[in-house]
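>>> need coordinates for the below:
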Amino acid sequence: MKELLSKIEKLKKEKNAVILAHYYVNDEIQEIADYVGDSYYLSKIAVELPQKVIVFCGVTFMGESAKILSPQKTVIMPEALADCPMAHMAAIDKIKEVREKYDDLAVVCYINSTAEIKKYVDVCVTSSNALKIVKALPQQNIYFVPDQNLGQYIASQLPEKQFIFNDGYCHVHDEIMIDELEEAKAAHPKAKVLVHPECTMTVIGGADYVGSTSGIIDYATASDADEFIIGTEIGIFYQLKKNNLGKKFYTINNKQICPNMKKISLGKVAYALENGINQIEVDNETRTKAVLALEKMLELAK
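Here you go, the predicted model:
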């Protein structure tokens, strides 16, 4: 292990590389990463960093977003098969159909989507900035893709706008059930409930706080409470425990695991970095169109 860590550090210097990791990857990956964060933070920091090589420890759409925003940089994925099923749950034909049906429409795209889908939307959002961005849009009608759960949560905060929902979802969050939450609350009656807005509205209704992964970490850190029930992917527990010694954190069920995020290992990070494999490529036409939605997100989220 020590030898592998030393190899990664040496390769980073040789390749002028930086390691970015999402909160959902395994603990040992977060530990060696230069920057750990949620989708918004990582997409923003990837643009600002001086390194020419980005090793993105996450799923494909994250690497694509980094490449779209920084085409001059080399973006490497340690595991080529680490993908997000929800990113493929939006359809171009459906977007075109909705555009024809509704006037005064903005197509709002959760960043958890493919580069190809981003070509056809007006603005991207993340779970941490979606409310702010959608509220700022002048359009009355909002077609929210691909995650219906996040879309419904934002809609509940903005009754003045009309939402059209896609049928996509994150299986990790969608499979958290209200009866499981009630059981967890009964087992830990003093615990605060913190959930991600990719959960269903019934689960969200039983929460004390709803927010992005970074929002959940910040809330738990600032809170005077000592116990928390967490409704998001279990990888977040690494940062929660690291930042909150002495506090206790509980899952709602035993399925809060993204198998794609867990495919990334230290060995794969070292191998990809050493050999320059699994590079993200986005063709010029896709990038030229998709970058507009991402840049608008960064602008409106300021």
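>>> isn't Phe144 right next to Asp167, touching?
No: look at Phe144 against Asp167 with Cβ atoms under 8 Å: they stay out of range, at 11.2 Å. Quick note: C-beta positions are derived from backbone N, CA and C, even for glycine.
>>> helix, strand or coil: sort out Ala87 for me.
Three-state call for Ala87 (DSSP: H, G, I helix; E, B strand; the rest coil): helix.
>>> right, and it touches Asn112 too?
Yes: when contacts are counted by Cβ under 8 Å, Ala87 is listed as touching Asn112 (5.4 Å).
>>> what about the two, which has more around it?
Using other Cβ atoms under 10 Å, the more surrounded residue of Ala87 and Asn112 is Asn112, with 27 against 24.
>>> name the SS class of the more buried one, please.
coil.
>>> returning to what we had before: hey, what's in contact with both of Ala87 and Asn112?
61, 146 (Cβ atoms under 8 Å, 6 or more residues apart in numbering).
>>> contact partners for Val75?
Val75 neighbours (Cβ under 8 Å, 6+ apart): 46, 53-54, 56, 63, 66-67, 279-280.
>>> swap in 7 Å and give it another go.
By Cβ atoms under 7 Å, 6 or more residues apart in numbering, the contact list for Val75 reads 54, 56, 63, 66-67, 279-280.
>>> of those, just the buried ones, PyMOL syntax please.
Written as a PyMOL command, the selection of buried residues from the contacts of Val75, which uses 16 or more other Cβ atoms under 10 Å, is:
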select buried, resi 54+56+63+66+67+280
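>>> quick check: buried residues in the helix or strand hosting Glu3?
If you go by DSSP states H and E, Glu3 is part of helix 2-15. By neighbour count with 16+ other Cβ under 10 Å, helix 2-15 contains the buried residues 7-8, 11-12, 15.
>>> before we move on, the earlier item: Phe144 and Asp167: which is more packed in?
Phe144 (26 against 12).
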